[in-house]
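Q: Just need the structure, nothing else, for what follows:
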Amino acid sequence: MNASRLLALAGFAVLVACAPPDPPAVPEGSPLLASVKAATFGADSAVFSLQVTNTASGPLPLSFSSGQEFDFIVSRGAQEVWRWSGEQMFTQAFRSDTLAPGETRTYTATWAPLPGTTGEYTVRGRLTARNVQAEQTTAFRL
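A: Numbering: from 1, shown residues only. Purely as a prediction, here's the structure:
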């Protein structure tokens, strides 16, 4: 085998070894129950809350591809006007977590819109796990 093929093969082996592991399998019949709430304080700010609950009888593994576990996206009609993660920085590391049976996690964020921003909006809260989806949307008014 010539040197260039050997080097290419070694490079491929390194890439395969460094690939992220597959997310843990989600056990059958173990959905997450999600809810999202929006509390407004006049037109000055809105506080969003995402709750996710493991409704299964066993533990539920969660796999994340960064330090981000959740996100909130505010829209007005079809236009996105704010995304919580757009103002954040996250570690870039694969990690996992586990929700015990019946365990609930709550994630919150505050949006401070520009002055004069009033009207009808929608917020979507979502868990950013790679192996299971949980998201909800609710309407609110500033």
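Q: quick one: the strands in the protein?
A: In the chain, the segments counted as strands under DSSP state E are 32-41, 45-54, 60-64, 70-76, 79-83, 95-99, 104-111, 120-127, 135-141.
Q: how far away is residue 78 from residue 87?
A: The gap separating residue 78 from residue 87 is 22 Å, by C-beta to C-beta, to the nearest Å. From N, CA and C alone the C-beta is placed, and that goes for glycine too.
Q: hang on, the earlier thing: tabulate the strands of the chain in JSON lines, adding columns for mean pLDDT and mean neighbour count.
A: Supplementary listing: those in JSON lines, determined by pLDDT from 0 to 100; neighbours: other C-beta atoms under 10 Å:
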{"stretch": "strand 32-41", "mean pLDDT": "93", "mean neighbour count": "16"}
{"stretch": "strand 45-54", "mean pLDDT": "96", "mean neighbour count": "20"}
{"stretch": "strand 60-64", "mean pLDDT": "93", "mean neighbour count": "21"}
{"stretch": "strand 70-76", "mean pLDDT": "97", "mean neighbour count": "19"}
{"stretch": "strand 79-83", "mean pLDDT": "96", "mean neighbour count": "14"}
{"stretch": "strand 95-99", "mean pLDDT": "92", "mean neighbour count": "14"}
{"stretch": "strand 104-111", "mean pLDDT": "96", "mean neighbour count": "16"}
{"stretch": "strand 120-127", "mean pLDDT": "96", "mean neighbour count": "20"}
{"stretch": "strand 135-141", "mean pLDDT": "95", "mean neighbour count": "14"}
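Q: the more surrounded of residue 78 and residue 87?
A: Neighbours were counted for residue 78 and for residue 87 using other C-beta atoms under 10 Å; residue 87 has more, 9 against 5.
Q: Distance-wise, check the nearest residue to residue 102 once chain neighbours are set aside relative to residue 95.
A: With C-beta to C-beta, 6 or more residues apart in numbering as the measure, residue 54 is the residue that lies nearest to residue 102, at 6.5 Å, once sequence neighbours are left out. When distance is defined by C-beta to C-beta, residue 54 is 18 Å away from residue 95.
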